[in-house]
Structures are given as structure tokens and as C-alpha cells.
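**Q** What follows is a predicted protein model with its sequence.
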Amino acid sequence: MRRFGILLLLAVFIGVVICGPVAADDAAPQSDERKMEALAFADRTLAIIEVILAQHVDPPPRQQLILQVLRALSREADKPEPIGLGRRVSQLSTPEQCRDLVGEFWTTARNRETYDPEALDAAVFNELFAILPGGGQLLPARERAVEEQLANNRYVGIGIAVSHHANVPTIHKVVPGGPADAAGARDGDSIVEIDGQSTAGKPLREIVNLLRGPAGSEVTIVLQEARKSERRTRKLTRGEVPLKTVSHKRVGSNPAVASIRIERIAASTPHELRQLEPVYRGVDGIVLDLRGTVGGELHHAVLVADALLDGGAIGRVRQTDGTLDFEATPGCLLRELPLAVLVEVTTSGAGEWLAAAVQDNRRATLIGRPTAGRAYVSESVPIPGGDDVLVLATGILERADGGSLVGPAQQTRPPFAVVRGTAAGRDNIVVPGPVNGRVQPQVPINSSFNGWPPPANDSDWIRQALQALQLNTRPAAE
């Protein structure tokens, strides 16, 4: 570091000799501009901290949040954390002092030769949100509007999911029935141009922004299939894209089961599940796949749980101003059929709350591995003085008896027993006692699957599910 500092001083000195001295009148405005940038960053950061303190269900203390920001800025400045920084933060007593201190640390980070404003913001706020239970995300208002469209299943676009593959924007998935599907776009196609602009070197967010637009507007894209030189130009009209949240298939013949996967929980999910009832009325059981199931607004999650439960308690939501309890109404889908539910670490949020509800009501046998332990209710809160919104945890999802679904599991469930007497007149597996932390499956599975989406060959999981469904209908021991 010392050597780099000497070289930097030499470089600056040589620049002055070659270019001539800088007039004081020219330097002053630059200094004032830098100070204004520092104070603007400090104001925005402190506004975000105030939103966290006011809206988060269980926020860290203000001083801890400020200290986290200062430590992140020190790392970005490539400086060691100053000795006594914690004491200095603890002595802050006015908003002005907080503002000045954050601005001071930002200025040090800003002075790096490799300064990138977006990268610095991302690094600092990622560090800040890392200490929040449930995390956090800072989104432009436009991004949040897209999330709301997805939650209500009214997404407007061309109907593709895009990812970077070898630094080339690539179509990860074409949504069936969308504009891109109708134009012949295929999974794996590279996007070479968008409205005459080359996509080479552009970050993924910029690519996505170029593809988005209001319903009825047009966009022209140039596609290239992998390992082929031919390019295809397609003009697409953006429109409302139907996004299925539920996929399904029949597995086996004797016994035959319905394999139903909920990819995400949205407004249309309960309706999509009801449409499957006449399709699978004659099968021997149901395998409900909640691996990778995430998100969804609380209201939508309650409706899905109500569709799967024949009455009983769904669960609770603990908020800063009290607790909400949710109950299922009598009557559920495919009530007479045994149900096995697949879960693992990618089952999070509303997905694991749903898994806990069917487990606690003896409606299903859970198979797989412990869930994520991130059962939070998230909401978007506007940041004063800007267009961004902060997505953060405003509630904690709990079992009906108050058992926690947040954090690492601290214990395993006791051995289960097979007993009689469910609402459907079938024997079922009862697992006594709540587990704090994550949802624990009754039937653990050892599989190589450790990500999402699940592999095409899912035989281990299906085999375990079939065994559990057979166990579910076996008479109890006398």
C-alpha cells in the first residue's frame, strides 16, 4: 500500500508539471461538487436507515446500522477499519453528526481510482442489508412495478427470461403463449441486437430495460442459435404474458399419482390448482413439489393453504403491532387423496409456511430436507426523497402454535407414529412438537439435488414420495 501511494503521488506530480497548475477558481467548484455528492449519499443512506427502523419487524439498533455502513465504506476504500470506530459511532448524538461522518467515509471511498458509483452503492447497501433479519433489497420503482405485475400474474413484456451466458445475453426460458414464443424464439438463443443496438458488453440490467416497455409497443431483436452463424430478426409487440405458477404431470400407472409443482405463489395459483381437480380425480395420490417455491403476497399464500386444507389453523404472522392468525375453511381440493410434499433448502418464505401448515394439520407427509428458514413477510416501502423502494421484512411467518420458521434448525423432530382419524378417513403421520428454525420433513432424503430447477431425472424423490403415500394408507399397528 505504501508503494502504491508513492507511485500515485509521483503520477499526480508529473501530471501537474505537464499540464500546468490548476487555477483555484476551477478547483473550488469541484470540491464543492464532491462535498454535495457526499452529503447526498449520506442523506440517502440515513433515510434508508430510518425506513428500516420504522418498518422492519425486528431491526438492529441505529448505531449498528450506521457502523455497518462505515465498515463497508472502509472496505471499499481499501482502508483498515479505524481504531475506535464503534466508540465514535456510539457518541453520535445529532443527525448532522451522523451525516458528516457518513459523508467523510464516502469521500474516502470515492477518491479511489477505480470509483464506480453504482458498484459502491451496491457494495455498501448489500453489506447493510446483510445484517437485517430477512435481508433487504433496494429497487427502482420500475423494478418494483414489474414485481407487482408478477405477483398479480399480469406481467407485460415479450415473455422471456434472460440470463448472461459467457457474457452474452441468452434466453433462459421462453414463456409459452407470449410474444417471443409466437415469434419463434427458443430457449438458448443469444440476443445479438435490440432495436439496432448491439448487446455486446452491456450489463444484464441494461439488456432487460431495453427489452421492457408498455403494452402495445414494439421491439426488434436479433437472435442467434447456439453454435450456428445464422441470425434471425424478429419484431415483437409487447403485451400481457400469461405466466403459469403451477406445472403438473401424471406419474406411473399402478399406482398412478399426480405430480404437481408450485413454482411461485401468485394471485392465480389457487385457481390453477382448482383446475387440476377434475384432471386427477382418479389417481391414487398427489405429490406436491414445493422445492424452489418462493415469494407471493401473504393473501395469496393464505388462499393456497386454504385450498389444500380441510379446515384447521394455517398459521400466524407476527408483526410489530401484534399477531394475525389465519384459519382454513372446511373443504379442500382432492380431499380423499393422500398427499406427499417435497421440500428442501430452496423452499422458503410462503413456501415453507405452506409446508408447515399441511404438516401440522396432518394433511401431508413431508419428504426431503429442511427448508430455508426464511419465513418472512416482505413489503415495499418508498424511500423519502427518491424513486427507490426498499423491500424488507415487515412480518414473521410462524406455525399456528407460534413455532418459529426462521433461522437454522436447533433440533430434529421426534420419531413419528402412524395413527387413525384424519378428516378424509385415512391414517396419517403425526409428528408431535414444533421445531424452531426450519420445516423438518418427516421422511429425509439423500439426493444430489442442491439447486433449482430440479433435474429432469427426479426418480429418488418420486420413489420416496410413492413409498410415503403407501405408508400413508397402511393400517395403524394394533
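**A** Alright, I've got the coordinates.
**Q** In the stretch 151-300 of the chain, where is pLDDT below threshold?
**A** Counting by pLDDT under 70, the stretch 151-300 of the chain has low-confidence residues at 151-153.
**Q** what about the strands in it?
**A** 155-157, 160-165, 168-174, 190-194, 197-198, 218-224, 231-237, 239-241, 246-251, 257-262, 285-289 (DSSP state E, counting those that start in this stretch).
**Q** same check, this time on the stretch 301-450 of the chain
**A** Counting by DSSP E, counting those that start in this stretch, the strands of the stretch 301-450 of the chain are 312-319, 322-328, 339-343, 365-368, 376-382, 388-398, 417-419, 428-430, 443-444.
**Q** Quick check: which of the strands of the stretch 151-300 of the chain has the most neighbours on average?
**A** Burial of the strands of the stretch 151-300 of the chain is given as mean neighbour count (mean count of other CB atoms under 10 Å); strand 285-289 ranks first at a mean of 25. All C-beta atoms are positioned from the backbone trio N, CA, C, and that covers glycine.
**Q** what are the pairing partners of it, and which direction each?
**A** Pairing partners of strand 285-289, with direction, according to DSSP bridges: strand 257-262 (parallel), strand 339-343 (parallel).
**Q** just the strands of the stretch 301-450 of the chain: most buried one?
**A** Among the strands of the stretch 301-450 of the chain, strand 339-343 has the highest mean neighbour count (mean count of other CB under 10 Å), at a mean of 29.
**Q** What separation is there between Leu342 and Ile367?
**A** 6 Å (CB to CB, to the nearest Å).
**Q** what's the overlap in contacts for these two?
**A** Here Leu342 and Ile367 have Trp461, Ala465 as joint contacts, going by CB atoms under 8 Å, 6 or more residues apart in numbering.
**Q** just the helices in the chain please.
**A** With DSSP state H as the criterion, the chain has helices at 2-19, 24-55, 62-76, 85-90, 95-110, 117-130, 141-151, 179-182, 204-211, 269-276, 298-308, 350-360, 459-472.
**Q** Highest mean neighbour count out of these?
**A** When neighbours are counted by mean count of other CB under 10 Å, the highest per-stretch mean among these falls to helix 350-360, a mean of 27.
**Q** now for that helix, which elements pack on it?
**A** For helix 350-360, the elements it packs on are helix 298-308, strand 312-319, strand 339-343, strand 365-368, strand 388-398, judged by 3 or more CB pairs under 8 Å, 6 or more residues apart in numbering; DSSP states H and E.
**Q** So what touches the third one?
**A** Yep, that's strand 339-343 we're talking about. 285-291, 308, 351-352, 355, 358-359, 363-371, 439, 441, 461, 465, 468-469, 472.
**Q** now do the shortest one
**A** Residues lying outside strand 365-368 but in contact with it, judged by CB under 8 Å, 6+ apart, are 291, 338-344, 347, 355, 358-359, 428-429, 439-445, 461, 464-465, 468-469, 471-472.
**Q** isn't Lys249 right next to Ala256, touching?
**A** No - using CB atoms under 8 Å, Lys249 makes no contact with Ala256, being 11.0 Å away.
**Q** List the residues that contact the nearest residue to Leu210 once chain neighbours are set aside.
**A** Counting by CB to CB, 6 or more residues apart in numbering, Leu210 lies nearest to Ile194, which is 4.4 Å off, once chain neighbours are set aside. Ile194 sits next to Ile207, Leu210, Leu211, Val219, Thr220, Ile221, Val222 when contact means CB under 8 Å, 6+ apart.
**Q** and what of Asp306?
**A** Residues in contact with Asp306 (CB under 8 Å, 6+ apart) are Pro270, Ile314, Ala328, Thr329, Cys332.
**Q** nearest to Leu390, of the residues you listed?
**A** Ranked by distance to Leu390 (CB to CB), the contacts of Asp306 are led by Ile314 at 27.9 Å.
**Q** and the closest residue to Ser90 other than its chain neighbours, what pLDDT?
**A** Once flanking residues are discounted, Ser90 sits nearest to Gln63: 5.8 Å by CB to CB, 6+ apart. Looking at Gln63, its pLDDT reads 96.
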